[in-house]
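J.: Everything below, folded, please.
(one chain, ligands or ions: 1)
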Amino acid sequence: MAVVDLSRWEGAPGKKTRLYRLFYQYGPGEGLGMFLPVDHGLEHGPIDFLPNPPSADPEYIFRLAVEGRYSAVVFQYGIASRFYAPFAGRVPLVLKINGKTNIPPADEPISPLTATVEDAVRLGADAVGYTLYVGSPLQDQDFKQFLEVRREAERFGMPVIVWAYPRGRYVEEKGGRDSLYAIEYAARVAAELGADLIKVNVPEFVPEKMTRLPKPYDSTVLDVKEAIARVVWAAAGVPVLVSGGSKIGDEDLLARARASLEGGAVGLIFGRNIFQRPYDEAIRLSHRIAGMMQAFRRAPVKP
Ligand code: FBP
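T.: Numbers count the residues shown, from 1 in each chain. Alright, predicted model coming up:
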């Protein structure tokens, strides 16, 4: 079992303090995290709020994060700067500092900066989130942009969570954004570039796309636990968080959460799967996931 272990921390105390708040003081604790990302208004548009219209209201999301006992809520600058103050201290904030819409074609993506690490410090955030589009034709620009963010984050003692997202036309030519090959590669790139935490989607194994994958990925099929274990291995010790993706049923989501933790993820970062459910259902499910994590925490640690 994997946790964010701060016992032998040798980096800046600022980063440690913030990671401690995220992984020990709030949420499930003891090194595990449960995050609620709601940057969908920018990334996908209000369409993502239509299944549960009250979720378009940031105050609603903050209440959900507090009552659902989340480790942190993730927002873009405009929302955080206007709505966080009444909730500051009750639930940590991760400030997403880049983003884009999904209106232009997806073949050359890059996610420009929307805020700075200094903004995150002023808002009281405990981490920043950065989307890195690995394999995009514009990845050179992305790497340079990330370098500046990483430097600023070091200067301010701010942890950086990298959304390690393989995207763009070349990724599609080589088997698609959700293949094990692409996700493992993106996780490794995030580790190579200096991420403190890496957020990934669960790899999928779609037979029609697998013929485009390099060997031995073209013939590798794994279950969720095994696939996450591979991504964790590729991340070289940088803790991994697993995304939820589009909405699925309660039991399927719980199974995905459990398999992710068994595979070595240190936490979950489920957006649509939580906020697209009615409030009471979302709270119940969040508590069930947290309960599952508690039990998990007490499971014997495998070597
Ligand atoms: P979900 O759990 O809803 O998938 O949210 C995770 C997330 O990374 C969001 O932070 C982001 O808005 C969205 O997914 C981006 O997804 P995509 O790249 O598939 O458009």
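J.: Touching stretch 19-36 from outside, list them.
T.: For stretch 19-36, the external contacting residues (C-beta atoms under 8 Å, 6 or more residues apart in numbering) are 3-6, 61, 64-65, 68-74, 91-92, 94, 126-127, 159, 196, 241, 261, 266-271, 274-275, 286, 289-290, 293-294, 296-297. C-betas here are computed from N, CA, C, even on glycine.
J.: Check stretch 205-215 too.
T.: Contacts of stretch 205-215 with the rest of the structure, by C-beta under 8 Å, 6+ apart, involve 173-176, 178-181, 217-222, 227.
J.: Just give me the closest of those residues to residue 98.
T.: Nearest to residue 98 out of these is residue 178 (C-beta to C-beta; 21.3 Å).
J.: does residue 254 really touch residue 292, like I thought?
T.: Yes: with contact defined as C-beta atoms under 8 Å, residue 254 reaches residue 292; the gap is 6.3 Å.
J.: quick revisit: from the contacts of stretch 205-215, pick out the ones that also neighbour the ligand.
T.: Residues of the contacts of stretch 205-215 in contact with the ligand (C-beta under 6 Å from any ligand atom): none.
J.: Which of the residues you listed fall within helices?
T.: 173, 180-181, 227 (DSSP state H).
J.: Tell me how many other residues crowd residue 63.
T.: Neighbour count of residue 63, defined by other C-beta atoms under 10 Å: 16.
J.: Which helix or strand lies directly C-terminal to the helix or strand it falls within?
T.: Element membership for residue 63, per DSSP states H and E: helix 58-67. Downstream of helix 58-67, the next assigned helix or strand under DSSP H and E is strand 72-76.
J.: Mind putting the ones in helices among the contacts of stretch 205-215 into JSON lines with neighbour count and pLDDT?
T.: Below are the ones in helices among the contacts of stretch 205-215 laid out as JSON lines (neighbours: other C-beta atoms under 10 Å; pLDDT from 0 to 100):
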{"residue": "173", "neighbour count": "10", "pLDDT": "97"}
{"residue": "180", "neighbour count": "23", "pLDDT": "98"}
{"residue": "181", "neighbour count": "22", "pLDDT": "98"}
{"residue": "227", "neighbour count": "23", "pLDDT": "98"}
